[in-house]
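Enquirer: The following comprises the amino acid sequence and a computationally predicted model.
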Amino acid sequence: MPVETIRWKNGKVRYIDQTALPHKVKFIDCGNVKRLWRAIKTLEVRGAPAIGIAGALGVVLGIKDSKSVSGKKLSREVDKVAGYLATSRPTAVNLSWALTRMRALARENSSGSAARIKKLLFKEARKIIAEDKEACRRMARHGARLIKDGDAILTHCNAGGLATADYGTALGVLFEAKKQGKRIRVYADETRPLLQGARLTAWELMRAGIDTTLICDNMAASLMAKRRIDKIFVGADRIAANGDAANKIGTYNVAVLAKYHRIPFYVVAPLSTFDFNIVTGKDIPIEERDGDEVRSIGGKFIAPKRVKVYNPAFDVTPNGLITAIVTEKRVYRKPYSVIARRREAPTKQSIKTRLLHSPAARSQ
Ligand code: MRU
């Protein structure tokens, strides 16, 4: 049963608090943009597509009580709210992608009334949610073809329903394989420092009735050496035009191990996770987070409080280590640069969106 991660409810943004899982299933009704910014920053809402949705709903939240009558004025307010929300987390491109889409819509309609723009933005946010639900199900169907009955699969971090509107990218593939009657076993990396694998992936997989085994991150190599992993499926937060993929820190380790042990390594991500303005993974901005996330576990310090810490939240897996990328359109194999080239012919709307989405526009 899919988890509904985030949606609009009674004039507020309702989301499941992922920091409380797996012990408590708690929903938060968020009524202001500052609080939503904090929810994204602190990972109450997390996962690339889910924070894109949070951004879109956040724009609606930020302008819904605006007294502006003119479309131009409201459009400027949209820019301000979107610019602020974009600062919450830098790596997952889905956030800036969704915010850019909302800003572009407001600008295009700024000659009309503010009331009309408000309606259009609300509709657009709902469309982004609906598209994500559809994309996840399509990726699930494409990806499930890569899974055989009896496969043992390793996953890292959480690319499940919690990281999207409701179904998941990499985990969506596993849910679909199970639905098709394939018997699969899944190993979930715990994913230090914030344990998304242990807290969220294990919870989601078990809820779906999938045979789940939790491992510490440093146990994956030994499982692979014993030939106990057949395939690896992970999500992504931003994919460069050449197919280099940023995902949760530790994904790169898994990909290197997979190459050594000749195990297929699949990335599952919607096209909204691609950033065609970025040529290689070297240019993907990597978020560095507070050192206390490494010094402590669940609020309890496990290291000297003043020890220096290095805490990048993501790493980049070079395209050469990726066997295939599963998108809602199809499964792509190398060279991944064809994905950028085979996009539909640019429309007036997509050109505008791309311009707004360029690194220069993003930094405004
Ligand atoms: O820091 P997080 O928990 O937001 O990181 C999330 C990940 O790295 C996920 O694997 C990624 O967003 C895949 S999304 C379906």
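Expert: Everything's here; your move.

Enquirer: ok, and what's touching stretch 140-150?
Expert: By CB atoms under 8 Å, 6 or more residues apart in numbering, the residues outside stretch 140-150 that reach it are 153, 167-168, 170, 172-177, 180-184, 230-231, 233, 264, 266, 268, 324, 326-328, 330-331. From N, CA and C alone the C-beta is placed, and that goes for glycine too.

Enquirer: Could you pick out the residues of this protein near the ligand for me?
Expert: By CB under 6 Å from any ligand atom, the residues of the chain that approach the ligand are 43, 46-49, 92, 157, 159, 163-164, 169, 196, 235-237, 247-248, 313.

Enquirer: Tell me which entries of the contacts of stretch 140-150 lie within helices.
Expert: 170, 172-177 (DSSP state H).

Enquirer: now, which of the residues you listed sits nearest Gly62?
Expert: Distance to Gly62, by CB to CB, is smallest for Gly172 among the ones in helices among the contacts of stretch 140-150, at 30.0 Å.

Enquirer: Around the closest one, count how many other residues there are.
Expert: 30 (other CB atoms under 10 Å).

Enquirer: Then Leu105?
Expert: Neighbour tally, Leu105, other CB under 10 Å: 23.

Enquirer: residues in contact with it?
Expert: Leu105 neighbours (CB under 8 Å, 6+ apart): 117, 120-121, 124.

Enquirer: can you tell me which of those residues are in helices?
Expert: Among these, the residues falling in helices (DSSP H) are 117, 120-121, 124.

Enquirer: Now neighbour count, distance to Ile284 and pLDDT too, for these, in CSV please.
Expert: As requested, the ones in helices among the contacts of Leu105 are arranged in CSV below (neighbours: other CB atoms under 10 Å; distance: CB to CB, whole Å; pLDDT from 0 to 100):
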residue, neighbour count, distance to Ile284, pLDDT
Ile117, 27, 32, 98
Leu120, 17, 31, 98
Leu121, 25, 28, 98
Glu124, 19, 26, 98
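
Enquirer: For Ile28, state which of these is nearest.
Expert: Leu121 (21.9 Å).

Enquirer: got the contact list for the closest one?
Expert: 59-60, 63, 78, 102, 105-106.

Enquirer: do that again at 10 Å, thanks
Expert: Contact analysis of Leu121 by CB atoms under 10 Å, 6 or more residues apart in numbering lists 56-57, 59-60, 62-64, 74, 78, 101-103, 105-106, 109.

Enquirer: Among the residues you listed, which pair sits farthest apart?
Expert: Leu57 and Asn109 (18.8 Å).

Enquirer: Comparing the two, which residue is more hemmed in?
Expert: Set side by side, Leu57 and Asn109 show more neighbours around Leu57, with 29 against 18, by other CB under 10 Å.

Enquirer: For that one, give me the pLDDT.
Expert: Looking at Leu57, its pLDDT stands at 98.

Enquirer: for the one 5 residues further on, same thing?
Expert: pLDDT, the model's per-residue confidence, is 98 for Gly62.

Enquirer: so which strand or helix has it?
Expert: Assigned by DSSP states H and E, Gly62 belongs to helix 48-63.

Enquirer: and the residue in the chain sticking out farthest from the centre, what does it touch?
Expert: Of all residues in the chain, Val69 has its C-alpha farthest from the mean position, at 35.2 Å, by CA atoms, centre = their mean. Residues near Val69 by CB under 10 Å, 6+ apart: 113-115.

Enquirer: make it 6 Å
Expert: Contacts here follow CB atoms under 6 Å, 6 or more residues apart in numbering; on that basis Val69 touches Ala114.

Enquirer: quick one on the thing from earlier: ok, of the residues of the chain next to the ligand, which come out buried?
Expert: 43, 46-49, 92, 157, 159, 163-164, 169, 196, 235-237, 247-248, 313 (16 or more other CB atoms under 10 Å).

Enquirer: Burial check on the residue lying closest to Ser70 once chain neighbours are set aside, number of neighbours?
Expert: Once flanking residues are discounted, Ser70 sits nearest to Ala114: 6.2 Å by CB to CB, 6 or more residues apart in numbering. Residues within reach of Ala114, counting by other CB under 10 Å, total 22.
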